[in-house]
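J.: no FASTA, just this:
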């Protein structure tokens, strides 16, 4: 059951009921608070320059948590990237096309398909989520593939300076810049968002997710029982 529910919990093809907000275009407006934001996290001092206030809603087609395998402490502040589609991509149900595939790697989001799929590239974005508050971070971690969400925050440029001794792969300084248009592609086209609020408009595949968690607990209990049984022989 674990393998089946692991696949089913993120299935895009099961998403039929599209939330009205996910059909709208992102809203980008002149920033109301242009003052720079400074905070420290994971051994770095961050200076965040707001570019635009930003609200977007859509369907999460892929997520990648870089904290699982990052060797650079600086990346942990931007641990989660999410690929999101909206607008006509959802009204045309392109996420249900049998040939379409979404993936993420090296801070990029990729989409591939064959045949006649009316995919609109300007209604896909790869989003680097920057979080400086624990309550927001908890909400961000709840985002799963196939969820429909709304994010509110700011498009930002970020500079960071290491303030504690680092490891072999920790940079002394680094810069992250945000795209400010949905029409670009390739390097530099990702949105860097200082997330201020997250709402999951429609969670997906809830039954499969519950069954997946139950199966994980079941496997853990079986493993624990097997280990305890083994020690009975000593």
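T.: Nice, I can see it. Everything quoted here is computed from the prediction, not taken from an experiment.

J.: Show me what the lengthiest strand in the chain packs onto, helices and strands only.
T.: The single longest strand within the chain, with elements called by DSSP state E, is strand 44-65. If contacts are counted by 3 or more C-beta pairs under 8 Å, 6 or more residues apart in numbering; DSSP states H and E, strand 44-65 sits against strand 27-30, strand 37-41, strand 80-85, strand 101-105, strand 124-130, strand 148-162, strand 191-202. Where C-beta positions appear, they are placed from N, C-alpha and C, glycine not excepted.

J.: Enumerate every residue touching the residue minimising distance to the centre of the chain.
T.: Central residue of the chain (C-alpha atoms, centre = their mean): residue 82, 2.7 Å from the mean position. By C-beta atoms under 8 Å, 6 or more residues apart in numbering, residue 82 lies in contact with 60, 62, 63, 126, 127, 129, 143.

J.: Most neighbours among these, which one?
T.: Neighbour tally across the contacts of residue 82 (other C-beta atoms under 10 Å): the maximum, 26 neighbours, falls on residue 127.

J.: Tell me if I'm right that it and residue 193 touch.
T.: Yes: taking C-beta atoms under 8 Å as the definition, residue 127 is a contact partner of residue 193 at 5.6 Å.

J.: what sits in contact with each of the two?
T.: What both residue 127 and residue 193 touch, as defined by C-beta under 8 Å, 6+ apart, is the set residue 151.

J.: where's residue 161 relative to residue 40, distance?
T.: Distance, residue 161 to residue 40, using C-beta to C-beta, to the nearest Å: 10 Å.

J.: again, but for residue 193
T.: Distance from residue 193 to residue 40, counting by C-beta to C-beta: 20 Å.

J.: More neighbours: which of the two?
T.: The neighbour comparison of residue 193 against residue 40 (other C-beta under 10 Å) goes to residue 193, with 23 against 14.

J.: Quick check: beta-bridge partners of the more buried one?
T.: Under DSSP bridges, the beta-bridge partners of residue 193 are residue 129, residue 155.

J.: quick one: it and residue 152 touch, right?
T.: No: the criterion here is C-beta under 8 Å, and residue 193 misses it with residue 152 at 9.1 Å.

J.: Now for these two: what residues contact both?
T.: By C-beta under 8 Å, 6+ apart, the residues touching both residue 193 and residue 152 are residue 54.

J.: What's the end-to-end length of stretch 156-171?
T.: Taking C-alpha to C-alpha, to the nearest Å, the first and last residues of stretch 156-171 lie 20 Å apart.

J.: Please apply the same query to stretch 97-116.
T.: End-to-end for stretch 97-116, by C-alpha to C-alpha: 9 Å.

J.: Can I get the helices and strands packed on strand 44-65 in a markdown table including mean pLDDT?
T.: As requested, the helices and strands packed on strand 44-65 are exported to a markdown table (pLDDT from 0 to 100):
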| stretch | mean pLDDT |
| --- | --- |
| strand 27-30 | 97 |
| strand 37-41 | 93 |
| strand 80-85 | 97 |
| strand 101-105 | 96 |
| strand 124-130 | 97 |
| strand 148-162 | 97 |
| strand 191-202 | 97 |
